[in-house]
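Q: kindly generate the corresponding structure for this input.
(2 chains)
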Number of protein chains: 2
Amino acid sequence: MKVQKVNLAAKLSSFQDPWSPKIVGDLNDHQVKLVRLKGEFVWHKHDGEDEMFLVIGGRFTMRFRDGDVALEPGEMLIVPKGVEHLPVADEEALVVLIEPASTLNTGDAVDARTVRDLDRI
Amino acid sequence: MKVQKVNLAAKLSSFQDPWSPKIVGDLNDHQVKLVRLKGEFVWHKHDGEDEMFLVIGGRFTMRFRDGDVALEPGEMLIVPKGVEHLPVADEEALVVLIEPASTLNTGDAVDARTVRDLDRI
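A: Numbers count the residues shown, from 1 in each chain, chains lettered A, B, ... in the order given. This is a model prediction of the structure:
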């Protein structure tokens, strides 16, 4: 099969549910996902996995136990493995998320927002 | 050390040399790099590594043996391991590149443009 490009805006327009990452690509043992952030998530960490957030629309704040980092379009952040974090988006943020395929969205804080078997779009 | 965000435009403004990826982040066994593409590179492949290209400025074409894919800002492409490819940028393209730390820019086609010991910016 021919290699296909992904238009991020087009893919984002195909879903509206926040905090529910969708897979748009496989990169070795990692997955590339798109996610809409809206409101406050849950404090969690990923013991074995670094997690990359790249903002492509809107803005959000990543809260850490030692301070906040505000992120705008064109900015990225890598949350190192084991570090507790809490994404908060007062307005909606559109984010490219890259992390190992094994990563669970809520990390060690499994709750009603935990998503398993992510959709591919 | 506190987690730092990366502003991609600010990092890109710190270098001008094309085809010379700079490391801006470590993501598990992968690295996040920024690169400027200008002109035609060299046909090559990475036998063991998928490689992700995300365009954040300008445009370029990825040539494959079975056709071309034209990429604009907000579009991404994952070149699967083992697939020959040739990036061509008639105008300059600004690209986020994500690939295993082991990946050499020219893959199996080591030449004068091969860059080892990439700078961190």
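
Q: what residues are bridge-paired with the most centrally placed residue in chain A?
A: Chain A has A:L97 as the residue nearest its centroid, 4.0 Å off, counting by CA atoms, centre = their mean. When bridges are taken as DSSP bridges, the partners of A:L97 come out as A:K33, A:F53.

Q: now for it: which residues touch it?
A: When contacts are counted by CB atoms under 8 Å, 6 or more residues apart in numbering or on different chains, A:L97 touches A:21, A:32-35, A:51-54. Yep, even glycine has a C-beta here, placed from its N, CA and C like the rest.

Q: then A:K81?
A: For A:K81, the contacting residues are A:45-50, B:28, by CB under 8 Å, 6+ apart.

Q: likewise for A:P80?
A: Applying CB under 8 Å, 6+ apart to A:P80 gives the contacts A:50, B:3.

Q: ok, it to A:R113 distance?
A: When distances are taken as CB to CB, to the nearest Å, A:P80 and A:R113 turn out to be 22 Å apart.

Q: quick check: residues of chain A near chain B?
A: Among all residues of chain A, those adjacent to chain B (criterion: CB under 8 Å from any CB of the partner chain) are A:2-9, A:24-30, A:32, A:49-50, A:52, A:54, A:56, A:62, A:64, A:66-67, A:69, A:71, A:74-81, A:83, A:96, A:98-100.

Q: now do the SS call for the residue lying closest to A:G67 once chain neighbours are set aside.
A: On the basis of CB to CB, 6 or more residues apart in numbering or on different chains, the spatially nearest residue to A:G67 that is not a chain neighbour turns out to be B:K2, at 6.1 Å. Look at B:K2: counting by DSSP: H, G, I helix; E, B strand; the rest coil, its state is coil.
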